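*Asks:* Based on what follows, work out the 3D shape:
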Amino acid sequence: MAGRLSGKVALITGGASGIGRESARLFASEGARVLIADLDVAAGNATAAAIAKAGGEARAIRCDVAHGADLEAAVAAAERHFGALHVLFNNAGIFPARDGSPVDTPDDVFDQVIAVNLKGVFLGCKVGIPALLRAGGGSIINTASFVAVVGAATSQIAYTASKGGVLAMTREIAVEYARQGIRANALCPGPVNTPLLAEFLAEPAARARRFVHIPMGRLAEATEIARAALFLASDESSYVTGATFLVDGGITSAYVTPE
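*Replies:* Here you go, the predicted structure:
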């Protein structure tokens, strides 16, 4: 039985850990050939090796998404090794501990978050869209966040601003390229059970503040977000573009009132 991504090539930034790693493994299990782009090339190679051991096909490349040349190299590697690019998953992102309120967040922290989380997505699209067009079209998945829709319960101004920008940018790309065979959607996870967030929630009060806002009463698992990304990557979502694809355990339903 053919996989849901058979014959497709996917580039995943931040593919060495968390949502990116689980997506790389899932995409490969569904027939995609995967290019893992990550700053941690050792972890990227480990993920590629695990995929190969499971019978899939993947390669890893070092990539800092804040630098266009690195993303150009990643796209070129996908085309060189696998022949084309059909799925561009701009997933890499950061959440520094010093990202707080507008009055407390240092300028350099704000700039760093915007450079990675927002400009990194822009640069990925800038170099990835021509490759998708060369392949006859494809799917762009940009990782935003539920905070782009409702704001965060705790101060993280740079992260929230960056993800709001990703959401707006994705909509514009979707509209511009809809008739050229490219779909673009913003994947908006709720809080995910990753080592970074686990460290942040180690303090009981912080954990209580977060969990009270989640109707399901738990964090998402990275595999659950990966399955949503798989849907957006596959032809099953062929009429889905420009979407704010929320996978948030009901958070936004609890706090957003329809107009």
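*Asks:* quick one, what contacts residue 22?
*Replies:* 222, 223, 225, 226 (CB atoms under 8 Å, 6 or more residues apart in numbering). Quick note: C-beta positions are derived from backbone N, CA and C, even for glycine.
*Asks:* The same query, at a cut-off of 10 Å, please.
*Replies:* By CB atoms under 10 Å, 6 or more residues apart in numbering, the residues touching residue 22 are 15, 47, 192, 221, 222, 223, 224, 225, 226, 227, 229, 230.
*Asks:* again, but for residue 131
*Replies:* Residue 131 sits next to 9, 11, 75, 76, 78, 79, 84, 85, 86, 88, 138 when contact means CB under 10 Å, 6+ apart.
*Asks:* where does it sit relative to residue 163, distance-wise?
*Replies:* In this view, residue 131 and residue 163 are 25 Å apart by CB to CB, to the nearest Å.
*Asks:* lowest average confidence, helix or strand, in this protein?
*Replies:* helix 195-200 (a mean of 66; mean pLDDT, DSSP states H and E).
*Asks:* Partner strands of whichever strand in the chain runs longest and their direction?
*Replies:* The residue-count maximum for a strand in the chain (DSSP state E) belongs to strand 182-189. Here strand 182-189 is paired, per DSSP bridges, with strand 138-143 (parallel), strand 244-247 (parallel).
*Asks:* Please save the CA atoms from that strand in CSV.
*Replies:* C-alpha atoms of strand 182-189 as CSV (Å, rounded to 0.1, in the frame of the first residue of the first chain):
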residue,chain,number,x,y,z
ILE,A,182,1.3,25.9,-4.1
ARG,A,183,-0.6,25.6,-0.8
ALA,A,184,0.5,27.4,2.3
ASN,A,185,-0.9,26.8,5.8
ALA,A,186,0.1,27.9,9.3
LEU,A,187,0.3,25.0,11.8
CYS,A,188,-0.6,26.4,15.2
PRO,A,189,0.2,24.0,18.0
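*Asks:* Contact partners for the closest residue in space to residue 10 that isn't next to it in sequence?
*Replies:* Among residues not flanking residue 10 along the chain, residue 87 sits closest, at 3.8 Å (CB to CB, 6 or more residues apart in numbering). The contact partners of residue 87, by CB under 10 Å, 6+ apart, come to 5, 8-12, 23, 27, 32, 34-35, 78, 128, 132, 135, 138-141, 229-230, 232-234.
*Asks:* Look up how far residue 154 lies from residue 87.
*Replies:* 33 Å.
*Asks:* measure stretch 140-151 end to end?
*Replies:* End-to-end distance of stretch 140-151 (CA to CA, to the nearest Å): 24 Å.
*Asks:* how about it: buried residues?
*Replies:* With burial defined by 16 or more other CB atoms under 10 Å, the residues of stretch 140-151 counted as buried are 140, 141, 142, 143, 144, 145, 146, 147, 148, 149, 150.
*Asks:* so the second one touches residue 228, yeah?
*Replies:* Yes: using CB atoms under 10 Å, residue 141 is in contact with residue 228, at 9.1 Å.
*Asks:* and for these two, which residues touch both?
*Replies:* Contacts common to residue 141 and residue 228, judged by CB under 10 Å, 6+ apart, are 23, 185, 187, 237, 245.
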